[in-house]
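> Build me a model:
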Amino acid sequence: GRGRGRGRGGKHAGARATEGDVKGLKVGDVCPDFELEREDETKIKLSDVWKNSGLVIFMYPKANTPGCTRQAEGFRDEHEKFVTAGYEVFGLSNDKPKPQCNWKTKKNLPYHLLCDPTRTAISAFGAGSSKTTRSHIVIEKGGMVKAVEIGVTPAGSVEKALATVTA
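As a prediction, the model looks like this:
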């Protein structure tokens, strides 16, 4: 990084004026905990994951569409690097389990896809309350937010997340 947000300066240290009043997570926050259903209909709590490892959650508008597939395949192709760095990867969208499961199988995705049909977690993360913005968040083991990227390209999401976890 370029040293943004590392200091312990005043209230606005590290803030970028251009971001305005965007709701959502900030680096250094403790990630809110959510219980979400996976594509296999198993419920998981995010805190159960970050107790044991870091966590990368990438968010996408709709399973099995071209841009989302490129993003998911990027995380698939680089999956070992995330695991080696100590991070579990999850996809997250407002799709229901069945389309997520079909997509995971079709594209041979080695990680789970989380379902948030009410967009509760997606909007809390700052990725949109009515339409999901392609994004990702990186959470350190223990639950602290390490990176938030809202509005990324499919390839940029993978590159930026990988750079964060291997930094």
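> For the chain, which segments count as helices?
46-50, 66-77, 79-84, 97-106, 120-124, 154-166 (DSSP state H).
> What lies in contact with the third one?
It refers to helix 79-84. For helix 79-84, the external contacting residues (C-beta atoms under 8 Å, 6 or more residues apart in numbering) are 56, 75, 88-89, 110-111, 161-162, 165-166. For every residue, glycine as well, the C-beta is placed using N, CA and C.
> Just the closest of those residues to Asp95, please.
Lowest distance from Asp95 to those (C-beta to C-beta) belongs to Tyr111, with 15.1 Å.
> Run a quick neighbour tally on the residue lying closest to that closest one once chain neighbours are set aside.
Closest residue in space to Tyr111, ignoring its immediate chain neighbours: Val89 at 4.2 Å, by C-beta to C-beta, 6 or more residues apart in numbering. Counted with other C-beta atoms under 10 Å, the neighbours of Val89 add up to 24.
> Also Lys107?
Close neighbours of Lys107, defined as other C-beta under 10 Å, add up to 14.
> So it sits against Arg76, correct?
Yes. Lys107 is in contact with Arg76 according to C-beta atoms under 8 Å; the separation is 6.8 Å.
> sorry, back to before: looking at the residue nearest to Tyr111 now. What's its pLDDT?
pLDDT for Val89: 98.
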